[in-house]
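**Student:** Just need the structure, nothing else, for what follows:
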Amino acid sequence: MNRNVLQVIATTRAPIARLVAALLATLVLAGCETASPIVAKDNRVFQPSFRITSSVEEDRPGSAKPQTGRVIEFGLTRAKGSDEQTLATGQQSVIFNNNTFVAPVTLKNEFDITYADLSFRWRKFFRERSFGLELAGGAGYASLDMAVASDTQSTSMRYGSYGVQGGVGFIWRIQPSTSLHARLSGFASRGTTGITDLGRYDFYLAQALGDNFSLRAGYTKWEVNGSGGAGTSDLRMVFSGPVAGIGMDF
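**Tutor:** Model prediction:
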């Protein structure tokens with residue numbers, strides 16, 4: 001191999017090496033980029049709910065009037081809300097369901113959440129006075145329909161997440177058939193998509209109608225976190241509003 005050929009090889013290796021290094025750096029940096037989260041906040045979300053309990057104590061039948069006892073409890077709640085999210089110039093894009101929303105852009109984010117829980121619940125009125133404590137724990141299922149749209153494109157996805165849930169609450173028996181409830185509960189899932197965790201704060205008035213039925217009305221706030229999947233935007237929904245529900249106790 002003559003000297004001229006060696007010089008050509010030497011002069012071409014450096015640009016090729018720099019090109020390969022630049023490509024690798026681009027790939028690494030692209031892998032480190034984080035997408036902007038999808039955020040929706042709505043303070044006017046009406047939430048219908050349904051709850052049914054069954055006593056596990058043979059000598060203490062279930063009752064719509066709050067009392068000491070242990071029950072199996074099933075609850076179902078639905079919430080639908082929406083919000084606008086603005087990405088300013090320079091912010092990371094929103095990446096969701098193989099769609100990229102590049103800043104600057106204004107997004108319309110809509111969510112539809114159905115949450116079901118099955119718990120073992122313990123409730124105690126100490127010395128059978130007006131104030132009581134309740135503890136609950138069990139399994140939960142959170143279904144999420146998420147839609148994201150801009151002026152030029154839109155996309156949506158449905159997720160389902162199983163996990164564990166639990167809560168603690170306080171009760172004030174104003175009258176034998178009328179009670180005020182405050183409850184803090186949470187849910188956590190090991191899934192990598194959909195709702196990964198949530199916190200819920202309930203404050204409501206319950207009115208028993210006979211022995212087995214009750215009506216509930218009050219206010220609830222949720223803080224919900226989730227993921228659209230690897231390499232996509234995280235999900236965050238904060239919403240609150242009036243809650244109304246029917247209870248059945250046996």
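**Student:** Give me the helices and strands touching whichever strand or helix holds Tyr162, please.
**Tutor:** For Tyr162, the host element (DSSP states H and E) is strand 154-175. Secondary-structure packing of strand 154-175 (3 or more Cβ pairs under 8 Å, 6 or more residues apart in numbering; DSSP states H and E): strand 105-125, strand 131-149, strand 178-188, strand 194-209. All C-beta spots, glycine's among them, are computed from the backbone N, C-alpha and C.
**Student:** give me that answer again for 10 Å
**Tutor:** Judged by 3 or more Cβ pairs under 10 Å, 6 or more residues apart in numbering; DSSP states H and E, the packing partners of strand 154-175 are strand 94-96, strand 99-101, strand 105-125, strand 131-149, strand 178-188, strand 194-209, strand 213-227.
**Student:** who's in contact with the first one?
**Tutor:** With Cβ atoms under 10 Å, 6 or more residues apart in numbering as the contact definition, strand 94-96 has outside contacts at 33-39, 85, 87, 100-103, 105, 107, 109, 146-148, 150, 155-157, 228-229, 231-233, 235.
**Student:** In contact with Lys80, which residues?
**Tutor:** Neighbour list for Lys80: 42, 45-47, 110-114, 145, 239 [criterion: Cβ under 10 Å, 6+ apart].
**Student:** what about it, distance to Thr114?
**Tutor:** As judged by Cβ to Cβ, to the nearest Å, Lys80 and Thr114 stand 10 Å apart.
**Student:** now swap in Arg78 and tell me
**Tutor:** Per Cβ to Cβ, Arg78 is found 5 Å from Thr114.
**Student:** Tell me the one among the contacts of Lys80 nearest to Thr178.
**Tutor:** Among those, Gln47 lies closest to Thr178 (Cβ to Cβ), at 21.4 Å.
**Student:** Narrow the contacts of strand 94-96 to those that are buried.
**Tutor:** Buried members of these, scored by 16 or more other Cβ atoms under 10 Å, are 35-39, 85, 87, 101, 105, 107, 109, 146-148, 150, 157, 228, 232-233, 235.
**Student:** contacting residues around the residue nearest to the spatial centre of the chain?
**Tutor:** Closest to where the C-alpha atoms of the chain average out (Cα atoms, centre = their mean) is Val224, at 3.1 Å. With contact taken as Cβ under 10 Å, 6+ apart, Val224 is in contact with 40, 79, 111, 113, 115, 142, 144, 187, 195-200, 235-239.
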